[in-house]
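**Student:** dropping a prediction and its sequence here:
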Protein chains: 2
Amino acid sequence: MGMGTNWLNDVEMRAWRSMLSAHSQLYNQLDEELVKAHGITFAEYEVLVHTSEGQGGSVRMASLAEATLVSRSGLTRRVQHLVAVGLLERRRCKEDKRGTFAVLTPLGWEKLRAAAATHVRGVREHMISKLSRVELEALADALEKVAGQNSGLG
Amino acid sequence: MGMGTNWLNDVEMRAWRSMLSAHSQLYNQLDEELVKAHGITFAEYEVLVHTSEGQGGSVRMASLAEATLVSRSGLTRRVQHLVAVGLLERRRCKEDKRGTFAVLTPLGWEKLRAAAATHVRGVREHMISKLSRVELEALADALEKVAGQNSGLG
DNA sequence: ATGAGATAGTTGCAATGGCAATCAAATTTT
DNA sequence: AAAATTTGATTGCCATTGCAACTATCTCAT
């Protein structure tokens, strides 16, 4: 602005760059492991997880979009694909005829159960095992502050 | 495997979920701010930054791809676009005729200078200001451990 | 009840990005 | 030095995704 840019100092730069790098590596690694072992992407796995947390394994589309950090149109198509491969069903909402539920099928529950084992193992191996308990807590606390008020699911 | 999945406990889950959430929010926010203020995406900004760090504002394509966490084909097209809008030039490498340098143009330097101010302000506002100095250091340390041996650029 | 506006969800379209194949040039092997 | 392999980079093709536009339904003010 008036003067030259007040650049990020070393700690600030390390925090920001390692955030990009750690996220990228973790995401790609976990995604690859799920695809190889179970034929679903991490994004699809996230849909199954959040669906399973709703009443009777069913969640409204908008809520699912928010939980999985994707746009509504993006979610529509992800669900379309998961329906096509038999892991989800769509159910019309009786209270609000505009609404739609995504519902886990028995096959979806089974896929989720199997994929969760792979996913949890991956998170432990690629993230948690690299940190002490204290470091992990500090990481969780700091990241939650950065993420802001995003605790509940909806 | 023999027994049920050993689920993530509370701290582990908080760390992992907040990583996804914090990254998503930060990335989208910083991207939007750059697009609005300077007409370039965050991904493009990253290319300008890493190019500026090379000798004479020039970097080999492969090195740039690695630094910006994108595939080589993805980088080829990003650079194509930045060339089309006049922020970069391509220069053939004399020592290795297969190679190509991306080189910042004067316009590219100017755009970088302006965009950096916006970007740094955004990082401070959306990440750094939410943490104490101690928390920030803990975050940087933890994320670097998760990211592994990715310090140098190339 | 009716019309204005908000909300749930889907679709067209365009941008982005990765994988595999390809081409050119460098390096290694024999 | 010819052949085989590796490496740098680009392109074709396809999958994913977001924005804007659209439809259907709901809510609220009058």
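**Tutor:** In hand now; what should we look at? Numbers count the residues shown, from 1 in each chain, chains lettered A, B, ... in the order given.

**Student:** residue boundaries of the helices in chain A?
**Tutor:** A:10-38, A:42-52, A:61-67, A:72-84, A:106-126, A:133-147 (DSSP state H).

**Student:** distance of the residue in chain A that DNA strand D sits nearest to relative to residue A:83?
**Tutor:** In chain A, the residue that lies nearest DNA strand D is residue A:74 (2.5 Å; CB to the nearest atom of the strand). For glycine as for every other residue, the C-beta is placed from the backbone atoms N, C-alpha and C. From residue A:74 across to residue A:83, the span is 15 Å (CB to CB, to the nearest Å).

**Student:** those two - which one has more neighbours?
**Tutor:** residue A:83 (16 against 13; other CB atoms under 10 Å in any protein chain shown).

**Student:** does that one really touch residue A:90, like I thought?
**Tutor:** Yes. At 6.1 Å, residue A:83 counts as touching residue A:90 under the criterion of CB atoms under 8 Å.

**Student:** let me see the contact set for the residue of chain A closest to DNA strand D.
**Tutor:** With contact set as CB atoms under 8 Å, 6 or more residues apart in numbering or on different chains, residue A:74 has these partners: residue A:65.

**Student:** so what's the nearest residue to residue A:143 once chain neighbours are set aside up against?
**Tutor:** Nearest non-adjacent residue to residue A:143, counting by CB to CB, 6 or more residues apart in numbering or on different chains: residue B:18, 3.7 Å away. Counting by CB under 8 Å, 6+ apart, residue B:18 makes contact with A:140, A:143, A:144, A:146, A:147, A:150.

**Student:** spell out which parts of chain A neighbour DNA strand D.
**Tutor:** Along chain A, the residues adjacent to DNA strand D under the rule CB under 7 Å from any atom of the strand are A:41, A:43, A:70, A:71, A:73, A:74, A:77, A:78, A:81, A:96, A:97, A:98.

**Student:** any stretches of chain A with poor pLDDT?
**Tutor:** A:1-3, A:150-154 (pLDDT under 70).

**Student:** identify the residues contacting residue A:90.
**Tutor:** Taking CB under 8 Å, 6+ apart, we find residue A:90 in contact with A:79, A:83, A:100, A:101, A:102, A:103.

**Student:** may I ask which of those has the most neighbours?
**Tutor:** residue A:102 (27 neighbours).

**Student:** hang on, that residue packs against residue A:62?
**Tutor:** No. Between residue A:102 and residue A:62 there is no contact under CB under 8 Å: 10.7 Å.

**Student:** is chain B within reach of stretch A:116-129?
**Tutor:** Yes. Using CB under 8 Å from any CB of the partner chain, we find that stretch A:116-129 touches chain B at A:116, A:117, A:120, A:123, A:124, A:126, A:127, A:128.

**Student:** pull out the buried residues from that stretch.
**Tutor:** The neighbour-count check on stretch A:116-129 (16 or more other CB atoms under 10 Å in any protein chain shown) flags A:116, A:117, A:118, A:119, A:120, A:121, A:122, A:123, A:126, A:127, A:128 as buried.

**Student:** what is the nearest of the residues of stretch A:116-129 next to chain B to residue A:7?
**Tutor:** Residue A:7 lies nearest to residue A:127 out of the residues of stretch A:116-129 next to chain B, by CB to CB, at 29.2 Å.

**Student:** quick one: contacts for the nearest residue to the closest one once chain neighbours are set aside?
**Tutor:** Distance criterion CB to CB, 6+ apart; nearest residue to residue A:127, sequence neighbours excluded, is residue B:146 at 5.2 Å. By CB under 8 Å, 6+ apart, the contact set of residue B:146 is A:18, A:22, A:25, A:26, A:126, A:127, A:130, A:131, A:139.
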